[in-house]
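Q: Output the structure for:
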Amino acid sequence: MSDTLGYIHSIETFGSVDGPGVRFVVFMQGCKFRCAFCHNPDTWKLMHKENGTSQKETSEPIADSNNVEVYSPEGLLKKALRYKTYWGDEGGITVSGGEPLLQIDFLIEFFELCKKNNVHTCLDTAGEPYINEELVEKCNDEKELKAYAMNLGAKDKTEIKEKASEWHEKLLRLMKSTDIVLLDIKQINNEKHKALVGFSNENVLAMAKELDQLNVPVYIRHVLLPEYKDEANDSTLKKISDDEKDLHDLRAFIDTLHNVKKVEVLPYHTLGVFKYESLGIDYRLKDIDPPTDERIDHAKQILCQ
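A: Alright, predicted model coming up:
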C-alpha cells in the first residue's frame, strides 16, 4: 500500500455536473485562490501530515480535528468502486477541490490506479499550481514568486526553477492517466483576475495552452458574475466582473485551442454565503444578486457558440 496520502474535504457519490455521465466526485482539501464568488471557503485551508493526522497506512479515512478525511490511493479507489455499476459507459471519477493539483503526488497514484481498473478519470482544476521554468524565469511579481515557493517547498528563485521542472514532469505523468480536464478560467483580463482571486492568470492560460499541445480533452468553465452598471456604484463588481470585451477576449482565447470539447457558463449564486458567516470570513459580494437570465443567455451566445 502506498505511503502517499490524500487530504479530502468531502465526497459526492452521484455527481452529475462535474464531467460526463454519473460520477464519483472527490473534493480535495486546500486552495490558494481566494475567489470572491467561492462557495466552498471551507476547502481553502491547506492540510499537512503533521496537522493531527495519522501516518499509518490505511484503506479507511482518518478524521482529524478539521473533519478532513485522509485516504490512501488504494483506499479511496476501493470506496469509489462500490458505485461503479451506476457510472455506465460515460461516467467515472472526478477529482475536484479545493485545488487538486496541490496534491499532485496523490493524484498521480490515484489516477494510475483508476486506469488499471478501467475507470474514466476527470480532473477539475483552476490551474493555480501550474508551473514551468519559463513562467518562473519571467516572473517579477514577489507575491507570485512567494506562492510558487510555497507550492514547491523552495527557498529562492533558483530552487523554484529546479523544482518547477520536477513539478512539470509530474504533471506530464498525471496527464497520461487523465481522460478529461475541467479547466476553470476565472477571468481572461489579468488585472481583474488578480482582483478576483488574488493571483495572476498567466500560469492558468499557460496550462490551457499546454493541455492543447498534449491533446488532452478539456471543458472550459467560467463563472459569470452580474454585469457592472455605473449607476449601481459598485466598485467591487467593476474590478472583477466581465464586460463585453472580456467575454469576447475569452472566446478568442478559447478559439486558439483545439482540444476544447465544451464551454460551460456557470452563473454566480449565493448558496455558500452562510459558510462565510460561520467561518467568520468577510464575503466580498455581499448583497450582489446572481446575473439575470438575459446576461446568462448573452454570455452563452458568445462563449458556447
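Q: Could I get the full set of strands for this protein?
A: When secondary structure is read from DSSP state E, the chain shows strands at 6-15, 23-28, 62-63, 69-71, 92-96, 121-125, 180-184, 218-224, 260-267.
Q: What is the neighbour count of residue 216?
A: The number of residues packed around residue 216, counting by other C-beta atoms under 10 Å, is 18. All C-beta atoms are positioned from the backbone trio N, CA, C, and that covers glycine.
Q: roughly how far apart are it and residue 92?
A: Counting by C-beta to C-beta, to the nearest Å, the gap between residue 216 and residue 92 amounts to 15 Å.
Q: same question, residue 37
A: 27 Å.
Q: pull the helix or strand with minimum mean pLDDT from the protein.
A: The least trusted helix or strand in the chain, going by mean pLDDT, DSSP states H and E, turns out to be strand 62-63, with a mean of 41.
Q: tell me which residues of the longest helix anywhere in the chain are tucked away?
A: Within the chain, and with DSSP state H defining each element, the longest helix by residue count is helix 157-175. Within helix 157-175, the residues that qualify as buried by neighbour count (16 or more other C-beta atoms under 10 Å) are 160, 161, 163, 164, 167, 168, 171, 174, 175.
Q: hmm, who's touching it?
A: Judged by C-beta atoms under 8 Å, 6 or more residues apart in numbering, the contacts made with helix 157-175 from elsewhere in the structure are 101, 104-105, 107-108, 111, 123, 129-133, 135-137, 145, 148-149, 151-154, 211, 214, 216.
Q: do the same with stretch 195-203
A: Outside stretch 195-203, the residues that touch it by C-beta under 8 Å, 6+ apart are 32-36, 126-128, 130-131, 135, 141, 143-144, 147, 185-188, 190, 193-194, 239-240.
Q: chain center to it: distance?
A: Centroid separation between stretch 195-203 and its chain, computed with C-alpha atoms, centre = their mean, to the nearest Å, is 13 Å.
Q: same question, stretch 218-238
A: Using C-alpha atoms, centre = their mean, the offset of stretch 218-238 from its chain centre is 20 Å.
Q: ok, residue 284 - contacts?
A: By C-beta under 8 Å, 6+ apart, the residues touching residue 284 are 36, 236.
Q: how close does it sit to residue 184?
A: When distance is defined by C-beta to C-beta, residue 284 is 18 Å away from residue 184.
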